[in-house]
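Colleague: Model the structure of this input:
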Amino acid sequence: MQHDDWNDTEERVSKSEIKRNLLALQKLAERLLELSPGQWEQLNFDRKMMEALHESQRVKGHNAMRRHIRRLGKLLREEDSERIAALFNSIDSRHEEEVRRFHRLEQLRDRLMQGGADAMTELLRLCPNADRQRIQQFVRAGKRELEQEKPPAAQRKLFKYLKELPIK
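Modeller: Numbers count the residues shown, from 1 in each chain. Sure, this is the predicted structure:
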């Protein structure tokens, strides 16, 4: 009889593991609340989950929201949480890529402002259809602003122009 008890404990999940899973689902629920209702629709949740998500827009108090997040976590047990987690991983990776692109453009702008011919050559290699004359106008205006200690309006315009270019 002791042998049967041993097999039962092997198959059981510990309370700590259950709690960790519930907390992970609650974190996932919090992230879901950051999405727009249109994005919720794309996730193809069941009716109960969709109603609970829409109800979250009406919840006002802090404690009420905590209770509601716990409820969403419980409802997520019935959903494909791995698919949702994968969606958030892809959103996060897209965001990280956009941040990296933003930093590369900032560095390129700074090198252009320092008068680097190498930076212009690199830019034209990355994007051959970039308007060289327009970029040089922004750079000259930006240097004048720096000399006159004015706000960096031309640098902002240069950055905005670089963002519009199809540079990866």
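Colleague: Just the mean pLDDT for the biggest helix by length in the chain, thanks.
Modeller: Secondary structure assigned by DSSP state H gives helix 81-113 as the longest helix of the chain. For helix 81-113, mean pLDDT rounds to 85.
Colleague: List of residues touching the next helix or strand after it?
Modeller: Note on helix 81-113: by DSSP states H and E, the next helix or strand toward the C-terminus is helix 117-126. By Cβ atoms under 8 Å, 6 or more residues apart in numbering, the surrounding residues in contact with helix 117-126 are 108, 111, 112, 130, 132, 135, 136, 162, 165, 167, 168. The way it works is simple: take the backbone N, C-alpha and C, and place the C-beta from them, glycine included.
Colleague: Can you tell me the closest non-neighbouring residue to the second one?
Modeller: In this structure, residue 111 finds its nearest non-sequential neighbour in residue 119, 3.6 Å apart by Cβ to Cβ, 6 or more residues apart in numbering.
Colleague: How many residues are close by that neighbour?
Modeller: Residue 119 has 19 neighbours, counted by other Cβ atoms under 10 Å.
Colleague: same check, this time on residue 43
Modeller: Neighbour count of residue 43, defined by other Cβ under 10 Å: 16.
Colleague: list the contacts for it?
Modeller: Going by Cβ under 8 Å, 6+ apart, the list of residues near residue 43 reads 83, 84, 87.
Colleague: of the residues you listed, buried ones?
Modeller: Buried residues within these, defined by neighbour count using 16 or more other Cβ atoms under 10 Å: 84, 87.
Colleague: Show me which of the contacts of residue 43 is closest to residue 76.
Modeller: Nearest to residue 76 among those: residue 84, at 7.4 Å, using Cβ to Cβ.
Colleague: thought that closest one was touching residue 76?
Modeller: Yes: between residue 84 and residue 76 there is a contact under Cβ atoms under 8 Å: 7.4 Å.
Colleague: hey, what's in contact with both of those two?
Modeller: residue 28.
Colleague: that older thread, just the buried ones from the contacts of helix 117-126?
Modeller: By neighbour count, with 16+ other Cβ under 10 Å, those hold 108, 111, 112, 130, 135, 162 as buried.
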